[in-house]
Every structure is written in structure tokens, then in C-alpha cells.
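**Student:** here is the input, now give the coordinates:
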Amino acid sequence: MRFSLITGALALLAGVQSLAIEERANPWQARHGLTSPQLQSVFNDLTSQGYRLNYISGYTINDVPTFAAIFEKKSSPSWVAYHGMTATDYQNKFNTYVSQGYRLVLVNAYTVLGVDYYTAIWDKSASDSWVARHRMTGAEYQSEFNTYTSQGYKLVHVSGYAIVNNAYYAALWVKINNAPAWVAHHGMTSADYQSKFDSYGSQGFRLTLVSGYQVNNVVYYAAIWEKSAGPAYYARHGLTSGQYQSEFDRIVAQGFQLKVVSGYDQGQSDRYAAIWEQIH
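**Tutor:** The predicted structure follows:
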């Protein structure tokens with residue numbers, strides 16, 4: 001299914017609940033546990049009110065495609081978003097929108113009954129050189145990572161997923177002048193991820209991206225940290241829907257805004273990893 005084109009100017013929100021924050025920040029809303037038709041309905045409703053889709057991840061619950069999304073009411077360059085794309089659909093839309101001056105700002109992948117699908121957002125914001133790849137094996141991803149980082153590119157987004165019990169990756173790199181120090185890892189177990197989170201945090205790095213994914217019934221994480229100034233942030237992973245809702249309510253009440261939410265499978269159940277940043 002497609003989203004409409006819009007032009008112009010560690011937790012999760014349960015079911016189809018929403019939450020908007022308006023004090024000293026743009027209004028924003030989040031959803032999770034949405035089926036494809038529910039997502040399209042929410043998308044149509046919120047974008048008609050001037051909201052932009054900031055983040056979206058796809059996952060499955062009992063083999064049913066399910067989505068978590070973050071919307072924010074803010075001025076924005078022209079943008080377009082789609083979900084439910086096959087690899088071929090995604091590549092075709094990628095080629096079409098890039099030829100029209102759009103750049104990719106987010107791609108997340110998920111699989112349904114062994115078939116990979118993609119959610120993506122493009123916009124017409126200014127950017128330095130950038131490159132994107134998808135359907136990479138672990139070895140291919142590592143090779144591309146080495147190639148582009150050696151050329152001065154910074155990894156800004158990565159999505160892990162499984163196809164026939166093998167790990168695959170979609171990623172986005174941007175060439176950023178004077179980029180802060182940064183590190184990225186993939187294929188981390190929960191314990192590995194927690195250990196690196198603690199280690200990098202103690203060295204002054206902040207988590208900017210986390211992606212959870214299941215391969216052969218084992219959950220792994222890919223993540224990016226950077227050493228940069230920024231507001232206080234809070235991150236959790238491995239949360240059930242109920243735990244995510246509870247954590248969401250608690251941390252948002254303290255003035256934090258959801259920035260990243262990764263829904264993923266653990267067995268046939270949904271789990272969530274998320275990052276919030278303090279806004280007031």
C-alpha cells in the first residue's frame with residue numbers, strides 16, 4: 001500500500017492510542033500496533049492536519065504486518081512516504097523520487113512469511129552527498145560500510161531484518177563535513193547491545209539509532225552512537241507492548257519526546273526498542 005504524497009511547507013503507545021505534546025515543542029503523536037489499513041487511516045488523518053511522518057518501522061505479529069510511527073506537526077519541505085513496498089517496488093520508487101530531487105531520509109525493512117518489504121520516507125531537504133543500500137547480507141553491509149566510511153561518509157540509519165533465516169540490512173550514509181566522532185555496530189545480542197550502550201555512554205557518546213530484528217529466533221540489534229552535544233535522552237529495548245506503554249507514559253510525562261521506535265519480533269510476539277529526547 002502507499003501513503004499519500006504531502007507537499008509544502010526502552011517502550012510504545014499501545015494499539016491506536018496517541019499522544020500529542022504542545023508545550024514548548026511542536027505537537028506530535030505516536031502510534032504502534034497498527035495494521036496496514038489502520039496506518040493508512042492514521043496517516044491520512046494526521047497529514048490532513050499538517051503533521052509530517054518523522055519515523056516508521058514495520059514488524060509482524062503472528063505473521064501480520066504491523067507498524068509503529070511518529071508524526072510531528074511542523075513546517076517541512078516536500079516529502080513522500082510509502083509502506084508495504086516489495087524490494088522491486090522500493091527500488092522503483094527510489095529511482096523515481098531521487099530523479100525528482102528527493103533524497104532518502106529513512107528506510108526500514110521487515111519480512112512477512114519470508115518476503116522482505118520496505119517503509120521509506122523521502123524529502124526535498126538540502127543534503128551533502130548520500131548513498132543508500134538495501135538487501136545487503138551481513139558481509140555485504142560490512143563491505144559497504146568500510147567503503148563509504150573510508151570516503152568520509154557517516155552512517156545515519158540502518159535497519160536489520162531477516163530473509164529465510166539470514167540477516168540482511170538496509171542503510172543510509174551521508175557525507176558530513178566535520179562530523180562528530182561516531183560508532184556503529186550490528187549483529188549484537190541484547191547483552192552485547194547493553195554492554196556497548198553502557199560503555200559508549202560512559203565515554204560521552206549518545207545513542208541516535210537502534211534497530212531490533214530477529215534471525216533464527218534470536219533477537220539482534222544494530223545501533224549508532226555519536227559524540228555530540230544534545231538534550232538529555234533515554235533509551236530502552238526488549239520491551240513488551242505493555243512495558244513500552246508504561247515506559248512511554250512515564251518518560252513523556254517528564255518532558256521527553258519519542259524520536260526513534262523500532263518494533264520487532266520475538267517469537268511471534270512484538271517487542272520494542274526506543275529513544276526519547278528531552279524537549280522541556
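
**Student:** distance from stretch 235-251 to the middle of the chain?
**Tutor:** Mean-position distance between stretch 235-251 and its chain equals 16 Å (Cα atoms, centre = their mean, to the nearest Å).

**Student:** list the buried residues of that stretch.
**Tutor:** Of all the residues in stretch 235-251, those buried under the rule 16 or more other Cβ atoms under 10 Å are 235-239, 241, 243-245, 247-248, 251. Heads up, the C-betas are built off the backbone N, CA and C, glycines and all.

**Student:** dump those residues into CSV; add secondary structure as well.
**Tutor:** Shown next, in CSV, are those (DSSP: H, G, I helix; E, B strand; the rest coil):
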residue, secondary structure
A235, strand
R236, strand
H237, strand
G238, strand
L239, strand
S241, helix
Q243, helix
Y244, helix
Q245, helix
E247, helix
F248, helix
I251, helix
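
**Student:** and the furthest pair within these?
**Tutor:** A235 and S241 (17.5 Å; Cβ to Cβ).

**Student:** quick one, which of the buried residues of stretch 235-251 has the minimum pLDDT?
**Tutor:** Scanning the buried residues of stretch 235-251 for pLDDT, the low point is Q245. It has 91.

**Student:** a strand runs through S127, doesn't it?
**Tutor:** No: secondary structure of S127 (three-state DSSP): coil, not part of a strand.

**Student:** spit out the contact partners of it.
**Tutor:** S127 makes contact with 103, 174, according to Cβ atoms under 8 Å, 6 or more residues apart in numbering.

**Student:** what score does it have for pLDDT?
**Tutor:** Per-residue pLDDT puts S127 at 86.

**Student:** do you know how far it is from G101?
**Tutor:** In this view, S127 and G101 are 11 Å apart by Cβ to Cβ, to the nearest Å.

**Student:** can you check A132 too?
**Tutor:** When distance is defined by Cβ to Cβ, A132 is 15 Å away from G101.

**Student:** so for these two, which sits in the more crowded spot?
**Tutor:** Taking other Cβ atoms under 10 Å, A132 and G101 do not tie; A132 has more neighbours (19 against 11).

**Student:** now the strands for the stretch 151-280 of the chain?
**Tutor:** For the stretch 151-280 of the chain, the strands defined by DSSP state E, counting those that start in this stretch occupy 153-163, 166-175, 182-188, 206-215, 218-226, 233-239, 256-266, 269-278.

**Student:** sorry, back to before: okay, the buried residues of stretch 235-251 in a markdown table with distance to V42 next?
**Tutor:** Listed next are the buried residues of stretch 235-251 as a markdown table, based on distance: Cβ to Cβ, whole Å:
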| residue | distance to V42 |
| --- | --- |
| A235 | 25 |
| R236 | 23 |
| H237 | 25 |
| G238 | 26 |
| L239 | 21 |
| S241 | 17 |
| Q243 | 23 |
| Y244 | 18 |
| Q245 | 17 |
| E247 | 22 |
| F248 | 17 |
| I251 | 22 |
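
**Student:** among those, which one sits closest to A139?
**Tutor:** H237 (25.2 Å).

**Student:** return the residues in contact with the closest one.
**Tutor:** Shown in contact with H237 (Cβ under 8 Å, 6+ apart): 10, 190, 193-194, 210, 212, 221, 271-274.

**Student:** over to A69?
**Tutor:** Per Cβ under 8 Å, 6+ apart, neighbours of A69: 30-32, 34, 39, 42-43, 53, 55-57, 261.

**Student:** which residues does it form a beta bridge with?
**Tutor:** Here A69 sits in beta bridges with R31, I56, as judged by DSSP bridges.

**Student:** repeat that for V215.
**Tutor:** Per DSSP bridges, the residues bridged to V215 are V218.

**Student:** buried stuff in stretch 164-182?
**Tutor:** Neighbour-count burial for stretch 164-182 flags 167-174, 176, 182 (criterion: 16+ other Cβ under 10 Å).

**Student:** farthest-separated two in those residues?
**Tutor:** Top of the distance list for these (Cβ to Cβ): A167 and I176, 26.8 Å.

**Student:** reformat the buried residues of stretch 164-182 as CSV; add pLDDT.
**Tutor:** Below are the buried residues of stretch 164-182 laid out as CSV (pLDDT from 0 to 100):
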residue, pLDDT
A167, 99
Y168, 99
Y169, 99
A170, 99
A171, 99
L172, 99
W173, 99
V174, 98
I176, 91
W182, 98
